[in-house]
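1. Take this sequence and fold it.
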Amino acid sequence: MTSHTLQRPRIAARMRGIEPFHVMDLVARAHELEAEGRSVIHMEVGEPDFVTAQPIVDAGKQALDAGRTGYTAAAGIPPLRRAIAQDYYGTRFGLDVSPARILVTPGASGALQLVSGVLVNPGDRVLMADPGYPCNRHFVRVMGGDSLPVPVGADTAYQLTPELVQRYWTSETVAVLLASPSNPTGTVVSAENLAGIIDVAVAHGGAVIVDEIYQALTYDIEPHSALAKSDAVFVVNSFSKYFGMTGWRLGWVVVPEGYQREVEKLAQNLFLAPSTVAQYAALAAFSAETQAIVEARRQKFQMRRDFLLPALRNLGFEIPRTPEGAFYLYADCSAFTKDSFGFCTRAIEQANVAITPGIDFGDYRANEHIRFAYTNGLENLAEGVGRLRTLVASA
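-> This next block holds a predicted model:
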């Protein structure tokens, strides 16, 4: 074998626009500290701390025992597509969605990649809120497009509005991407604004993509879907958050009529098929037994929110909007610092509390914000607040 030495790796230009998660450095440090015997309170990871509900696990085991280990169709197994259409959208939301419009994907990330691939040409732009989930802009970047981040604040519930979409829409814009409830803010796009944004996008000949992966994790309000407003939207959802199946890597996308074949064709080439065992396991997600479990967990998340929100405000963090969903609090930390990553570093090193810096979610006032995830039990959250109280007292 001939030995070759590259002078330097040849990296595609698109990678200059792909940024890492800064919080992962903090996660790695947390693990190091834990290995040294220190107790770390985790409020950084956007993953439910509950294991997958037992009926889902049992269905997965049964699928393995039955030899369900081969490929499935790229769009997913028909029983699961029907279950999503009938048991989720039909029974829960009263919506008539054809199973033919539903494609099962390797997580919501897989769905967003497919939608980006089908809609975005090089040079195209997609509007999205800043702050927002960073991978959304990276999916667009991988396809050669550009995200156009729109600064949003508490005055619009950290969400886009029809007026903002109209103001920022350009000749290069092909779509607007919404997340409701949002990561990192937990806020929801109102039904009125949702309808208005769809009207603006359609008037410009553009598409609307709605990330609804936290849709069923709402508090004090009834969840709603963009599909109730229009059949012309792309709606992404997931089994990860509400159903607690993060490691199973399973999601879905509902596409407008006329897009099914193109999305399926791309799925065949990018993923071949979603996880077979995960799909059969997910059939149990809509059972009455599972629904009772995940609903009880949703109520626990609400209890955590209702504890942590006033506790952080009492420490001096500004959280002007009460989030209606997800499991995050996006807190203004400018009373203590103008360097969110530096503050998070001090929190892990001095207080043994892991939290996420705002710079992971965009540019707009990112150094003045921190995201807290209440994916931890009340006792641990209380301990974390106590440790942060000591930290900010010494700031």
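2. ranges for the helices of the protein?
-> Here the chain has its helices, by DSSP state H, at 23-35, 54-65, 78-83, 91-93, 107-119, 134-142, 162-168, 191-203, 260-270, 276-282, 288-315, 340-350, 378-393.
3. To Leu127, which of the ones you listed lies closest?
-> Of all those, it is helix 162-168 that lies closest to Leu127, at 5.6 Å by Cβ to Cβ. C-beta coordinates here come from the backbone N, C-alpha and C atoms, glycine included.
4. quick one: contacts of that closest one?
-> Outside of helix 162-168, the residues within contact range by Cβ atoms under 8 Å, 6 or more residues apart in numbering are 127, 148, 150, 152, 156, 176, 193, 196-197, 199-201.
5. of those residues, closest to Phe327?
-> Phe327 lies nearest to Val152 out of those, by Cβ to Cβ, at 20.1 Å.
6. I figured Ala366 was touching Gly358, is that so?
-> Yes: the criterion here is Cβ atoms under 8 Å, and Ala366 meets it with Gly358 at 4.1 Å.
7. how near is Ala191 to Phe21?
-> In this view, Ala191 and Phe21 are 32 Å apart by Cβ to Cβ, to the nearest Å.
8. likewise Val120?
-> With Cβ to Cβ as the criterion, Val120 and Phe21 are 22 Å apart.
9. higher neighbour count, the two?
-> The residue with more neighbours, out of Val120 and Phe21, is Val120; 23 against 14, by other Cβ atoms under 10 Å.
10. Over to that one: give its phi and psi.
-> Val120 adopts backbone torsions of phi -100, psi 130, taken as degrees, to the nearest 10.
11. List the contacts of the closest residue to Leu178 other than its chain neighbours.
-> The shortest distance from Leu178 to any residue other than its chain neighbours is 4.9 Å, reached at Val210 (Cβ to Cβ, 6 or more residues apart in numbering). Going by Cβ under 8 Å, 6+ apart, Val210 touches 177-180, 189, 194, 225-226, 233-236.
12. quick one on the thing from earlier: looking at the helices of the chain, which is closest to Ile11?
-> helix 134-142 (13.5 Å).
13. quick one: that closest one to chain centroid distance?
-> From the chain centre to the centre of helix 134-142 is a distance of 13 Å (Cα atoms, centre = their mean, to the nearest Å).
14. Outside of that helix itself, list whatever touches it.
-> 14, 17-19, 21, 109, 112-113, 116, 120, 126, 128, 146-147, 149, 177, 179, 211, 360-362.
15. Let me see the ranges of the strands in the stretch 101-250 of the chain.
-> In the stretch 101-250 of the chain, the segments counted as strands under DSSP state E, counting those that start in this stretch are 102-105, 125-130, 146-151, 173-179, 207-211, 233-238.
16. Go through these and name the closest to Ala28.
-> Closest of those to Ala28 is strand 233-238, at 25.4 Å (criterion: Cβ to Cβ).
17. by contact count, what packs against the closest one?
-> Applying 3 or more Cβ pairs under 8 Å, 6 or more residues apart in numbering; DSSP states H and E, one finds that strand 233-238 contacts helix 107-119, strand 207-211, strand 251-254.
18. which residues touch it?
-> Residues from elsewhere that reach strand 233-238 (Cβ under 8 Å, 6+ apart): 107-108, 111-112, 115, 119, 198, 207-213, 215, 225-227, 250-256, 259.
19. Could you do stretch 7-20 as well?
-> Identification of contacts with stretch 7-20 by Cβ under 8 Å, 6+ apart yields 134, 138, 141-142, 144.
20. from memory Ser287 sits against Pro55, does it?
-> Yes: if you go by Cβ under 8 Å, Ser287 and Pro55 touch, sitting 5.7 Å apart.
21. higher neighbour count, those two?
-> Pro55 (19 against 16).
22. Is the more buried one in contact with Ala282, as I believe?
-> No: using Cβ under 8 Å as the test, Pro55 is too far from Ala282 to be in contact (10.7 Å).
23. Tell me the buried residues in stretch 148-161?
-> Using 16 or more other Cβ atoms under 10 Å as the test for burial, stretch 148-161 gives 148-150, 152, 156-161.
24. ok, those vs Asn376, which is closest?
-> Set against Asn376, the nearest of the buried residues of stretch 148-161 by Cβ to Cβ is Tyr158 (22.9 Å).
25. For Val189, see how far away that closest one is.
-> 10 Å.
26. likewise Asp339?
-> From Asp339 to Val189 the distance is 31 Å (Cβ to Cβ).
27. what about those two, which has more around it?
-> Each of Asp339 and Val189 has its neighbours counted (other Cβ under 10 Å); Val189 has more, 25 against 15.
28. For the more buried one, grab phi and psi.
-> Dihedral angles of Val189 (phi, psi; degrees, to the nearest 10) stand at phi -70, psi 130.
29. Show the pLDDT at Met245.
-> Per-residue confidence (pLDDT) for Met245: 97.
30. Spatially nearest residue to it, not counting backbone neighbours?
-> The shortest distance from Met245 to any non-neighbouring residue, by Cβ to Cβ, 6+ apart, is to Phe239 (4.1 Å).
31. my guess is the one you found contacts Trp248, does it?
-> Yes: Phe239 is within contact range of Trp248, at 6.5 Å (criterion: Cβ under 8 Å).
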